[in-house]
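> quick one, fold the following:
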Amino acid sequence: MGGDGVLLGRFLLGLATWGVIFSVSFERWVGPPLARVRRGFEDAARGGDLEGQRIPRILAALLCALVLSGEILLQTGWTAYCAERTLRFAADPAAGSRVPFYVLGFLACQIPLARIARREERLSFTASLRSIIPMGMFASFCLYPHQLDFYRWLLELTGS
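A predicted model of the protein is given here:
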């Protein structure tokens, strides 16, 4: 497998543990309220009411885009954490080969995101965007680490 086994085990155990915490927390406490808000704005954008109030369709569409951006931002934060941790462990001189870190880091990042995506109530273009963008950003962050600067505040908050 390559790399120091203890270092690789520490790396994978940490990501797997936080992956479970992230996906379960998102599914239980973040996703449902966001879905309710999103559905309300989507209904209003199609000409319906938002809690008995009529709002302009363009405003409802903008609010839908804002909620979508927030969901993507949250899930991409998880991806940034995984990529930063992968880059840090792979750069360790004791790591040996970097390949196992990138492969296992990719999988440990994608599995919680896939779990969240599977819980989608209905497939739509926006549901695809909410899944595809965070999933694709792992490779982007690893290839271009300067992109992690946008999430530096989050990485510092998590102690990375």
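
> pretty sure residue 31 is in a strand, no?
No. Using DSSP: H, G, I helix; E, B strand; the rest coil, the assignment for residue 31 is helix, not a strand.

> run a quick neighbour tally on it.
Residue 31 sits with 19 neighbouring residues when counted by other CB atoms under 10 Å. Heads up, the C-betas are built off the backbone N, CA and C, glycines and all.

> in the protein, where's the longest helix?
Under DSSP state H, the helix in the chain containing the largest number of residues is helix 57-90.

> how far off helix 57-90 does the helix or strand following that one point, in degrees?
Next in sequence after helix 57-90, counting helices and strands by DSSP states H and E, comes helix 99-118. Helix 99-118 and helix 57-90 are oriented at 150 degrees to each other (axes from the mean of the first three to the mean of the last three CA atoms, to 10 degrees).

> got a list of contacts for helix 99-118?
With contact meaning CB atoms under 8 Å, 6 or more residues apart in numbering, helix 99-118 is reached by 1-3, 8, 11-12, 15-16, 19-20, 22-23, 26-27, 31, 75, 78-79, 82-83, 85-86, 89-90, 95, 127, 130-131, 134-135, 138-139, 142.

> quick one, what contacts residue 121?
For residue 121, the contacting residues are residue 35, by CB under 8 Å, 6+ apart.

> and the pLDDT for it?
Residue 121 carries a pLDDT score of 73 in this model.

> hang on, residue 120 packs against residue 126?
No. Using CB atoms under 8 Å, residue 120 makes no contact with residue 126, being 9.9 Å away.

> follow-up on the earlier one: now the buried members of the contacts of helix 99-118.
Buried subset of the contacts of helix 99-118 (neighbour count, 16 or more other CB atoms under 10 Å): 3, 8, 11-12, 15, 19, 22-23, 26, 31, 75, 78-79, 82-83, 85-86, 89-90, 95, 127, 130-131, 134-135, 138, 142.

> that older thread, in the longest helix of the chain, what's buried?
The neighbour-count check on helix 57-90 (16+ other CB under 10 Å) flags 60, 63-64, 67-68, 71-72, 74-87, 89-90 as buried.

> contacting residues around the residue nearest to residue 130 when sequence neighbours are not counted?
Distance criterion CB to CB, 6 or more residues apart in numbering; nearest residue to residue 130, sequence neighbours excluded, is residue 71 at 5.1 Å. Residue 71 is in contact with 34, 38, 130, counting by CB under 8 Å, 6+ apart.
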